[in-house]
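[1] Just the structure for this:
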Amino acid sequence: MAEVIIVPDQQAAGELAADTIFTLLARKDDAVLGLATGSTPLTTYTALAARVRSAGVDLSRVRGFALDEYVGLPVTHPQSYRAVITREVVEPLGLDPARVQVPDGDPSRIPHAGDAYEAAIRDAGGIDLQILGIGRTGHIGFNEPGSSLAGLTRVKTLTEQTRADNARFFSSPDDVPVHCITQGIGTILRAGHLLLLAFGDEKASAVAAAVEGPVSASSPGSAIQLHPHATVIVDEAAASRLSFADYYRYTFANKPTWQSL
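    Predicted coordinates:
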């Protein structure tokens, strides 16, 4: 069962998540991070950058792998995940851009892009900590409902709901790509630690299905229940449909001081 932590708001979640990541980086200066994009992890990246600056930590040996990328969107486009990761993670944290990879969404190379990405993750020794969000459809990465729980990095077709949710980042809903290349659920489950964040009422159903529902390809996020070290940090709104919310609060309030996230 995932450890579920309910916090007052996104800021508190970002601070807690940043503490967890910073502890890993302090212990392992060549750690491999799995990087999510979108609005959900922004408070985490901001809080982590503040800790890095305050401590004067050198993260030049840290490696990173983005969860996904749009297919056919030039890397120079401001909403390509290569651009987003550079802007929101690499530059604020002082990472070496050459050590941070994003799936290759170039259509001319797409037939082999998934295998190449899987090989790169293996060559790096695997992902130590994977940051995750969850979509309203229950997707993690861009693994929409129906995705194989054992699938690896590959091309997927985005649902209309996901494209509508992401339209806020584009000039027009029609500009949101239809296809993506994403780490598979099987890839995600290989990470040493999963750290899933979710905020707001609109994520409550997806969170409840992921944490307390049956494990099913219809609810991709539910695959985190199969992982031996998964941490879910949600605000009160996103936790509003959890049946065991009181137990999660009690558990966290009584967490042993020697036990980390």
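
[2] From now on I want contacts and neighbour counts done on CA atoms only, so please keep to that.
    Noted.

[3] Helices of this structure, start to end?
    10-27, 42-55, 81-85, 91-93, 110-123, 160-166, 185-189, 204-212, 245-253 (DSSP state H).

[4] and the fourth one, what other elements does it pack with?
    Using 3 or more Cα pairs under 8 Å, 6 or more residues apart in numbering; DSSP states H and E as the contact criterion, the secondary-structure elements in contact with helix 91-93 are helix 42-55.

[5] So what touches the helix it packs on?
    Helix 42-55 has contacts (Cα atoms under 8 Å, 6 or more residues apart in numbering) with 10-11, 13-19, 21-22, 58, 88-89, 92-93.

[6] how about the CA coordinates for it, as CSV?
    Coordinates of each C-alpha in helix 42-55 appear next as CSV, following Å, rounded to 0.1, in the frame of the first residue of the first chain:
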residue,chain,number,x,y,z
LEU,A,42,6.1,23.2,-9.9
THR,A,43,6.0,23.9,-6.1
THR,A,44,8.3,21.0,-5.6
TYR,A,45,10.9,22.2,-8.1
THR,A,46,10.7,25.8,-6.7
ALA,A,47,11.2,24.5,-3.1
LEU,A,48,14.0,22.2,-4.2
ALA,A,49,15.8,25.0,-6.0
ALA,A,50,15.6,27.1,-2.9
ARG,A,51,17.2,24.3,-0.8
VAL,A,52,20.0,23.8,-3.4
ARG,A,53,20.8,27.5,-3.4
SER,A,54,20.7,27.8,0.3
ALA,A,55,23.0,24.8,0.8
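
[7] which residues touch stretch 253-261?
    20, 231.

[8] again, but for stretch 139-148
    So stretch 139-148 is in contact with 36, 67-68, 132-134, 137-138, 156, 158-159, 180-185, 217-221, going by Cα under 8 Å, 6+ apart.
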